[in-house]
Each structure stands twice: as C-alpha cells, then as structure tokens.
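Q: could you look at this predicted model? Sequence included:
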Amino acid sequence: MLKALCGALALWGMAATASAQGFPTRPVTFVVPYAPGGTTDVLARIIGKAMSTDLGQTVIIENAGGAGGTTGTQRVVRAEPDGYTLSFGNMGSLAANVSLYPKLSFDPRRDLAPVGLVATVPMVLSVSKKSGIKDLAGFLAKLRSGDDAVNFGSSGPGSTGHLAAIAFLAVTKTKATMVNYRGAGPAINDLAAGVVDAVIDQTVTMIPMHTGGNVTAIAVSSKARLPQAPEVPTFAEGGVPEFDLSVWNAIAAPRGTPAAVLERLQASLAKALNDPEVKQRFTDLAAEAPAPEAQGARHLGELIAADVERLGQIVRAAGVTAE
C-alpha cells in the first residue's frame, strides 16, 4: 500500500514537473484589480504585450475592480495555482489592504507567490480647471477654509489613490470630502469634468492628462522635477516635504504555483523590462523599472512584507478602515 502511494506521488510529481516545463501552453491572464484606464491597467497592458511575445501565448488583461482591489486579488488567491491566472496589482492591493480591510479573507504574504516588481511610479496631485486652484499653496488654503471646501476624488478605498489622499491630508492636518470611485479612470474623468476638485494618482495617468490640458498638475512626489513635466514642482518645493509617497506595481501568482512556472514567469518579466519599447514607454510615463538586484520573487516578497507594516502605520494613524 505504502509503495503504491509513493509511486502515485512520484508519478504526480513527474507530471507536475513536465507540465511546468512546458508552460505556457495556453493564454495567461493578468487580473488587474481596478477599472480600466488607471496606472496598474496601463502598465499591465505594456508588460503583457512584451511578455506575450516571449511566452509565445496571449496575455489577457482582465479588469476585476471592486472593494479597493480586494475582489480581483481574491480571484487570483482562489485560482488554480498553475501560472495561468496572475495578479497584476500594486502596493494597495498587495500590502495596504491588509490594514484597510480588517475582515480581509486572505493575506498576500501567505496566500500569494511573488513573481516580481514591475515599476515604481511617483504620485501627482492634480486639480480641475474649474476649481480655480493654481498651485499647492492655493490648494492648501482652500482645504483649510473649511472641512467641506474640497471634493477629493480617489480610485476607491484601498487603492493607492485613496491611500495617497489620506496620507496627504494626514501630513497637512487638513480635511476634505472624499469621493470614492471604482478606479482611477472614472475618478480622473470626473476631475477633468470638474465634478471633483482634486485627485492624487500616479504619473502614468496624470502626466498625459496634464500635458493634454485636461487637468492641472500642481505637485509630484519625486525627489526632483520630472523631465516629462518640468513645470510641475515637487511636494517639497510646494511646502509639503513629508509627502513622498511613490507606488510600486508588481505581479504575483496563487500560492502553490510550481517553482518552474514561477521561474519562467520571472525570466519573461525580466526580459520584458529590458525590451526597448517597454523602456521607452516607461520613460514617457515617468515609471521606473526595478534595478536588476530588485527584480524577482525574493525582493518582491520582502517588499510586500515590509509595506504591509509600513502602510499599516499610515492607515492606523489616519484612522481609516474600509469594509
């Protein structure tokens, strides 16, 4: 009986190894836990295109927004651990949500297998043309004129845009009326229409909107001004050096995904990050790809663990939770 069981396990292991070595044999899905049009969605499409060429299979982008990124992330947690369903998330869905959602049914540190970091992106505070605000000083003055003086749009509880907004309000000791959307795309559309006064989001979405004249960017969280928008001052220049939040975006797989599959995905991601077209797109959008030593599963796993704690402190200090 024991010999039969050991033999069955050995055969199963050999089959799993063979399956992993032939990976992929069908399309791979990136589950983006936010609505189309946001930074994570844009980056997923750039990387997905490059990885599909290397993998020899189509990379499908599936937008599964809702509950600040928890809905889409949970879909990946529950998926078959075979490498065909991956989370293309960010530090909101993969770290901050542990503190923002006390009843979260999963823990990214335990229930996901890291693949690798994709890009780190500065945050940009932008205001609507209708708001009449011209710079960060004017924005702060309006915030301090009354609790309901500013409608602050965000991409939804648990998103990086929401996290950035509450962090900014905390460090400036100000209040605003928060207006939450189901993703950065809808929030920025309403910003351009003047429905909300301000939105903080990543350069990938904000720089094109600013240079296109749809919104006015008034501060960026990078250490120095960006060559893509040199007229936009840093938060430090505007008098708020404490706000230095940038957002990392990354790929993770369900726990239990075979090591050979994870290694194949890591290699494909590394190749995509070195693709000249990807590099140019990242440069245009002020997205910074990880240095070689920061690529791969180990670094991302350490980053997720560290930021669950770091971002948890921000969330707890702001006294914000989501359901």
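A: Yep, that arrived. Treat the numbers as computed from the prediction; the structure is a model and nothing was measured.
Q: now the helices for the chain?
A: With DSSP state H as the criterion, the chain has helices at 2-21, 39-55, 70-77, 97-100, 108-111, 136-143, 160-172, 184-193, 203-211, 259-273, 276-284, 297-318.
Q: who does the fifth one touch, helix- and strand-wise?
A: Meaning helix 108-111. In terms of contacts (3 or more CB pairs under 8 Å, 6 or more residues apart in numbering; DSSP states H and E), helix 108-111 is packed against helix 97-100, helix 297-318. All C-beta atoms are positioned from the backbone trio N, CA, C, and that covers glycine.
Q: swap the cut-off to 7 Å and go again
A: Helix 108-111 sits against helix 297-318, with contacts defined as 3 or more CB pairs under 7 Å, 6 or more residues apart in numbering; DSSP states H and E.
Q: do the longest one as well
A: Here helix 297-318 is seen to pack against helix 97-100, helix 108-111, strand 112-127, helix 160-172 when contacts are counted using 3+ CB pairs under 7 Å, 6+ apart.
Q: domain ranges for the chain?
A: The chain breaks down into these domains under automatic domain parsing: 19-120+249-318, 122-220.
Q: could you tell me the end-to-end distance of the shortest one?
A: Across its full length, domain 122-220 reaches 7 Å between end residues, using CA to CA, to the nearest Å.
Q: quick one: that domain to chain centroid distance?
A: Chain-centre distance of domain 122-220: 17 Å, with CA atoms, centre = their mean, to the nearest Å.
Q: mind checking the pLDDT average for it?
A: Domain 122-220 shows a mean pLDDT of 93.
Q: could you do stretch 92-109 as well?
A: 93.
Q: can you give the distance of that stretch from its chain's centre?
A: Distance of stretch 92-109 from the chain centroid (CA atoms, centre = their mean) equals 14 Å.
Q: distance check, the most centrally placed residue in the chain against residue 76.
A: Nearest residue to the geometric centre of the chain (CA atoms, centre = their mean): residue 90, 2.6 Å. Distance, residue 90 to residue 76, by CB to CB, to the nearest Å: 14 Å.
Q: distance of the residue nearest to the centre of the chain relative to residue 130?
A: Counting by CB to CB - residue 90 and residue 130 are separated by 29 Å.
Q: hmm, back to that, how about the contacts made by the residue nearest to the centre of the chain?
A: The contact partners of residue 90, taken as CB atoms under 7 Å, 6 or more residues apart in numbering, are 40, 160, 247-250.
Q: who does it form a beta bridge with?
A: residue 249 (DSSP bridges).
Q: wait, doesn't residue 111 sit right on residue 77?
A: Yes. Residue 111 is within contact range of residue 77, at 4.7 Å (criterion: CB atoms under 7 Å).
Q: so for those two, which sits in the more crowded spot?
A: residue 77 (21 against 17; other CB atoms under 10 Å).
Q: okay, the helices of the chain in JSON lines with distance to residue 233 next?
A: Below are the helices of the chain laid out as JSON lines (distance: least, CB to CB, whole Å):
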{"stretch": "helix 2-21", "distance to residue 233": "50"}
{"stretch": "helix 39-55", "distance to residue 233": "21"}
{"stretch": "helix 70-77", "distance to residue 233": "35"}
{"stretch": "helix 97-100", "distance to residue 233": "30"}
{"stretch": "helix 108-111", "distance to residue 233": "35"}
{"stretch": "helix 136-143", "distance to residue 233": "7"}
{"stretch": "helix 160-172", "distance to residue 233": "15"}
{"stretch": "helix 184-193", "distance to residue 233": "19"}
{"stretch": "helix 203-211", "distance to residue 233": "13"}
{"stretch": "helix 259-273", "distance to residue 233": "30"}
{"stretch": "helix 276-284", "distance to residue 233": "21"}
{"stretch": "helix 297-318", "distance to residue 233": "23"}
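Q: give the residue spans of the stretch 201-323 of the chain that score low on pLDDT.
A: Scanning the stretch 201-323 of the chain for pLDDT under 70 picks out 323.
Q: distance of residue 244 from residue 163?
A: Separation of residue 244 from residue 163 (CB to CB): 13 Å.
Q: neighbour count winner among those two?
A: residue 163 (31 against 16).
Q: can you tell me which residues contact that one?
A: By CB under 7 Å, 6+ apart, the residues touching residue 163 are 92, 96, 311, 314.
Q: my read: residue 124 touches residue 222, true?
A: No. Using CB under 7 Å, residue 124 makes no contact with residue 222, being 9.1 Å away.
Q: okay, these two: which has more neighbours?
A: residue 124 (29 against 20).
Q: okay, now the closest residue to the more buried one other than its chain neighbours: neighbour count?
A: Distances taken as CB to CB, 6 or more residues apart in numbering put residue 206 closest to residue 124, at 3.8 Å, once the chain neighbours are dropped. Residue 206 has 30 neighbours, counted by other CB under 10 Å.
Q: next one: residue 39
A: 27.
Q: what do you get for residue 60?
A: A count of nearby residues for residue 60, using other CB under 10 Å, gives 14.
Q: so it sits against residue 24, correct?
A: No. Residue 60 sits out of contact with residue 24 when judged by CB under 7 Å, with a separation of 11.6 Å.
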